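>>> coords below, sequence missing:
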DNA sequence: GTTTTTTGTCAAAATTCTTGACAAAGTTGG
DNA sequence: CCAACTTTGTCAAGAATTTTGACAAAAAAC
């Protein structure tokens, strides 16, 4: 049944919409797709697909690739994105790490690097670090900034998309209303797309990760902060003001510990990176044996440190992570009851934790969400590991670039 | 920017989509709308709107009404739905009440009635009561079942839309997988649309209530159960399997009281109708004075009883409701952090409670949700009072009816 | 009363899809 | 090994629906 109210389609948009649908389907189909299958998947006729594909071929956005098919009739000509059309960069600023990668137009990662980082150092310091790392990587590839068609940037806070800044971010002291996008565009002279790290993680996992092409995907990023990205019906869900997905500030325990957001009992204050580190420290003070006691004094313990210790068999680390997993499970159970996703992808530091974290999480979810929703949900770790958000940033930047190239010399209304 | 991936538009759909957009915009614009404004709002030209409107006029779905405009030029001819095209019924089965109403095609309520009810009596008893009440109302209007174009029915459980039944509903014992829609269609010989009561409440409040035409609306239905309906971008959001919005089973207190769903600490177990009644009973046993002690022994106390007592100044009732409001506020704060809606409409029994309930709720929300989301959200009681869901059911049934009439003799692909 | 403004309509042009036919390029089976 | 079959991709003609541009209609403003 027709279920969306009040949506219209001026004719000028039709070809454009179909062209983009074709382009996106080519982008997101691994191994290429034929004209015939494009037609079938998009409910168009083969005859309608041909001129659209011709247009994209002419712009050199896509290319024909030779088939290795096994069916009956004439073998299809597979279409794929022209990887060498240009380059895209993806940046993911976490609370305690920075990931930068450079990919070609087929979203294949050419180079990537993750370094330590401290978001609380503020925009001036952090953006310089981002800039340096990006230029280093470009250098190593023998490229310059002008080779980049666009740059996607993820940050761990609520985004005001039009303004290109974050609004009242709980874990980004000093960044409130700082014009991140404008500053980076001025520095680089290239289009920059700012996004929330969890949203971009959702996009990344939807496009190339564990939740490929799922209708309703939730991505949970575990780190110092805990954020959710919601991907619904082929779109990032941002809510009224772009701050949807703040699962980290869901109340888990009414009178729980104080949170950076000013409230009490938030998930983040119970199971976020800082809380995990604090619990390990408490265990150390209680005299329990853990390799984490040996960390250099000056350096702050991150959740990644704890994850690594747990992986090496450290019992204290495992215990703390299991507890955190159960708490995150409570929040995810609520999310599942509210959102009823097909799939929940848990990423960020969780991708390094494995079952120590995921098993208690899964068990809690199964216990605490309604069967109607929990029976149909898959809960898994991020296929892209710690790179979900950086890859999502790339996907978003690439969408802009492809969009503009495909649009060139074509009108569009609203 | 173009932000939805992989959506195509076969040509045959275009006119149909535009026709529906026109029809819906006429439906949902109070006082009528002119062709010129339709064109502007839908990004079409006036010349394109004319034939669409002509088509709808010819089918007698809409009519021209004479203007009382005050602008400069030629006065517009306002268009509105033809109210007398036919009739629609809306049914809302709550846990402890049943509402049935009959409306014309303009969704004007012609007659309505609310009666006591017990969903736990099971399908056989309940559907007979629904049937009786519907026939009574039809009778009073001098109508028969054959005058109804469609009937919308809301129930308090997770819906499997295709099957027309509920799946593992926590507060509908005996209804699991009972073919509700088919049973009613067989009984009435008319098309029946089954929906979740909270979803339909959201639709009702979006169409004709407190949240008219908002982009992101959440409706919270307070009763024995507590459910949320999410209305996003002109659509009910149902999630992967149609069970989105089960806020009543969000965990509020890890080791809280047992819930009917089998879990502990659910919102519903703390602030649902049963919990509220239990708290009042506890106060009575403690010897506190309340008019609710005078309720007839055999009859179960409903949340509506408590609301009425509170409105008459009963202190115990007020206290219990204030506490419930604060707990619901915790859940709504989490919902706001996750969903970032424009507006949260609180309905069901809450529409009778007023500020006793809403003030603690609002305060808790403001305290427990992030500023980025809470600054932009409006929290209000249902404008349609206890009728939100029944009216939503009407709107949905009407959509089907209008849709079919407008579609008649026109092709459609996928 | 003329000018201005806005609404609604019409015919011609434009756009983009579908229909139906067909060539191309393989596989299958006797 | 060749004919029959199957599927893909393309083409020209036709169809559907919108836009463009012009204009009549209806009321307010000057």
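Received the coordinates, thanks. Bear in mind that the values here come from a model prediction, so they are computed numbers and not experimental data. Numbers count the residues shown, from 1 in each chain, chains lettered A, B, ... in the order given.
>>> Report the mean confidence score over the host helix or strand of residue A:114.
If you go by DSSP states H and E, residue A:114 is part of strand A:109-116. For strand A:109-116, the mean per-residue pLDDT is 97.
>>> Check stretch A:162-181 too.
Mean predicted lDDT for stretch A:162-181 stands at 94.
>>> ok, residues contacting it?
With Cβ atoms under 8 Å, 6 or more residues apart in numbering or on different chains as the contact definition, stretch A:162-181 has outside contacts at A:95, A:119-123, A:127, A:153, A:155-160, A:182, A:192-194, A:224-225, A:241, A:243, A:248-249, A:259-261, A:268, B:370-372. (C-beta placed from N, C-alpha, C; glycine too.)
>>> among the residues you listed, which are in strands?
A:153, A:155, A:159-160, A:192-194 (DSSP state E).
>>> excluding its backbone neighbours, what's nearest the spatially most central residue of chain A?
Nearest to the mean C-alpha position of chain A, by Cα atoms, centre = their mean, lies residue A:201 at 1.2 Å. If the residues on either side of it in the chain are set aside, residue A:201 comes closest to residue A:388, at 3.9 Å by Cβ to Cβ, 6 or more residues apart in numbering or on different chains.
>>> So for the host helix or strand of that neighbour, what gets flagged as buried?
For residue A:388, the host element (DSSP H and E) is helix A:388-407. In terms of neighbour count (16 or more other Cβ atoms under 10 Å in any protein chain shown), helix A:388-407 has its buried residues at A:388-403, A:405-406.
>>> Quickly check: that helix near DNA strand C or not.
No - using Cβ under 7 Å from any atom of the strand, we find that helix A:388-407 stays clear of DNA strand C, coming within 11.4 Å at best.
>>> I figured residue A:284 was touching residue A:290, is that so?
Yes - contact criterion Cβ atoms under 8 Å: residue A:284 and residue A:290 qualify, at 6.3 Å.
>>> what's near enough to touch residue A:326?
By Cβ under 8 Å, 6+ apart, the residues touching residue A:326 are A:360-361, A:363-364.
>>> which one of the residues you listed is nearest residue B:16?
residue A:361 (45.2 Å; Cβ to Cβ).
>>> Tell me which residues touch residue A:333, please.
Applying Cβ under 8 Å, 6+ apart, we find residue A:333 in contact with A:364-365, A:367-369, A:374, B:251.
>>> Give me the spatial nearest neighbour of it, chain neighbours excluded.
Nearest to residue A:333 is residue A:368, by Cβ to Cβ, 6+ apart, at 3.6 Å.
>>> Start from the N-terminal end of the stretch 1-150 of chain A and give the helices.
Taking DSSP state H, counting those that start in this stretch, the helices of the stretch 1-150 of chain A run over residues A:11-28, A:35-42, A:46-58, A:122-141.
>>> Report the buried residues of the first one.
By neighbour count on 16+ other Cβ under 10 Å, the buried set for helix A:11-28 is A:13-28.
>>> Please list which of those residues also come close to chain B.
Contacts with chain B are made by A:13-14, A:17-18, A:20-22, A:24-25, A:28 out of the buried residues of helix A:11-28, judged by Cβ under 8 Å from any Cβ of the partner chain.
>>> near DNA strand C, from the residues you listed?
Near DNA strand C, judged by Cβ under 7 Å from any atom of the strand, the entries from those are A:14, A:18.
>>> Switch the ones next to chain B among the buried residues of helix A:11-28 over to CSV; also include pLDDT and distance to residue A:170.
CSV is the format used below for those (pLDDT from 0 to 100; distance: Cβ to Cβ, whole Å):
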residue, pLDDT, distance to residue A:170
A:13, 78, 39
A:14, 81, 43
A:17, 90, 38
A:18, 93, 42
A:20, 92, 36
A:21, 94, 38
A:22, 96, 41
A:24, 95, 34
A:25, 96, 38
A:28, 96, 33
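>>> and which of the ones next to chain B among the buried residues of helix A:11-28 is nearest to residue B:107?
residue A:13 (30.6 Å).
>>> quick one: average pLDDT of the lengthiest helix in chain A?
What stands out as the longest helix in chain A, according to DSSP state H, is helix A:315-339. Averaged over helix A:315-339, pLDDT sits at 97.
>>> My understanding was that residue A:381 contacts residue A:211; is that so?
No - counting by Cβ under 8 Å, residue A:381 sits too far from residue A:211 to count as a contact (11.4 Å).
>>> Quick check: neighbours shared by these two?
Contact criterion Cβ under 8 Å, 6+ apart; residues shared by residue A:381 and residue A:211: residue A:345.
>>> more neighbours, these two?
The neighbour count for residue A:381 versus residue A:211, taken as other Cβ atoms under 10 Å in any protein chain shown, is higher for residue A:211 (26 against 23).
>>> residues in the stretch 151-300 of chain A within reach of chain B, list them.
Residues of the stretch 151-300 of chain A lying near chain B (Cβ under 8 Å from any Cβ): A:158, A:167-168, A:170, A:215-216, A:228, A:230, A:232-247, A:249-254, A:261, A:263.
>>> re the thing from before, which one of the helices of the stretch 1-150 of chain A lies nearest to residue A:342?
Nearest to residue A:342, of all the helices of the stretch 1-150 of chain A, is helix A:11-28, at 16.2 Å by Cβ to Cβ.
>>> Give me the angle between that closest one and helix A:388-407.
140 degrees (axes from the mean of the first three to the mean of the last three Cα atoms, to 10 degrees).
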